[in-house]
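Asker: any chance you could fold what I've pasted below:
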Amino acid sequence: MIIGICVALLVLLVLVRNYRPRGELERIMVSGTATYRGEPIVVGQIRFTPIPPSKGPLTIVQIRDGEFNTSMNGGLPVGNHRVEIKMYRPEEYATLGRSPGSPGPEQLLPDKYNRNSELTLNVAPGTDPFEHRFTLTE
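Answerer: Predicted coordinates for the structure are as follows:
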């Protein structure tokens, strides 16, 4: 009896995890690493913006000790995304004010990785989980 209940709960868990209401975007868990000049980005941020015709919200994730993970955001919507990466000084980021209107931390990467980024990431359906390395050079 207990085995039957456990099997039923496992089946239910699988069904619930894979269920998407009609029209809801398929999302894939994406994680990986981000380095600049061969060193891990200690504190930073990655912005994933869907490129039309891909759909979905802007997704922003934190980089900590060279690693990022989209699980807190529910993953990335399937499709092509423009990628912007920012890097900050850990000491400055830790002591920065968080209220609206506060100045942001100094961004340390060249604009070609954020403001003028041409970086993209294609998130294909059925690739959950997905790992990617962002290796930035000068």
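
Asker: residue ranges with poor pLDDT in this protein?
Answerer: Along the chain, segments meeting pLDDT under 70 span 1, 4, 6-23.

Asker: any chance you could map the strands in it?
Answerer: 27-28, 30-36, 39-40, 43-50, 59-64, 67-69, 76-77, 79-88, 120-123, 130-136 (DSSP state E).

Asker: right, so of these, which gets closest to Pro105?
Answerer: strand 79-88 (4.3 Å; CB to CB). Backbone N, C-alpha and C define where each C-beta goes, glycine included.

Asker: what is the closest one packed up against?
Answerer: strand 43-50, strand 59-64, strand 120-123, strand 130-136 (3 or more CB pairs under 8 Å, 6 or more residues apart in numbering; DSSP states H and E).

Asker: given it, what are its sheet partners and their directions?
Answerer: strand 43-50 (antiparallel), strand 120-123 (antiparallel) (DSSP bridges).

Asker: tell me the most buried of the helices and strands packed on strand 79-88?
Answerer: strand 43-50 (a mean of 22; mean count of other CB atoms under 10 Å).

Asker: please report the distance of Asp111 from Glu84.
Answerer: 10 Å (CB to CB, to the nearest Å).

Asker: the two: which is more packed in?
Answerer: Neighbour totals were compared for Asp111 and Glu84, and Glu84 leads with 20 against 10 (other CB atoms under 10 Å).

Asker: show me what contacts the more buried one?
Answerer: 46-47, 49, 113-115, 117, 119 (CB atoms under 8 Å, 6 or more residues apart in numbering).

Asker: equivalent analysis for Arg115, please.
Answerer: Here Arg115 is in contact with Glu84 (CB under 8 Å, 6+ apart).

Asker: nearest the geometric middle of this structure, what residue?
Answerer: For the chain, the residue nearest the mean C-alpha position is Thr70 (3.9 Å; CA atoms, centre = their mean).

Asker: circling back: shared neighbours, Asp111 and Glu84?
Answerer: Ser117.

Asker: hang on, isn't the residue nearest to the centre of the chain packed against Ile60?
Answerer: No. If you go by CB atoms under 8 Å, Thr70 and Ile60 don't touch, sitting 9.7 Å apart.

Asker: right, I'll leave it there.
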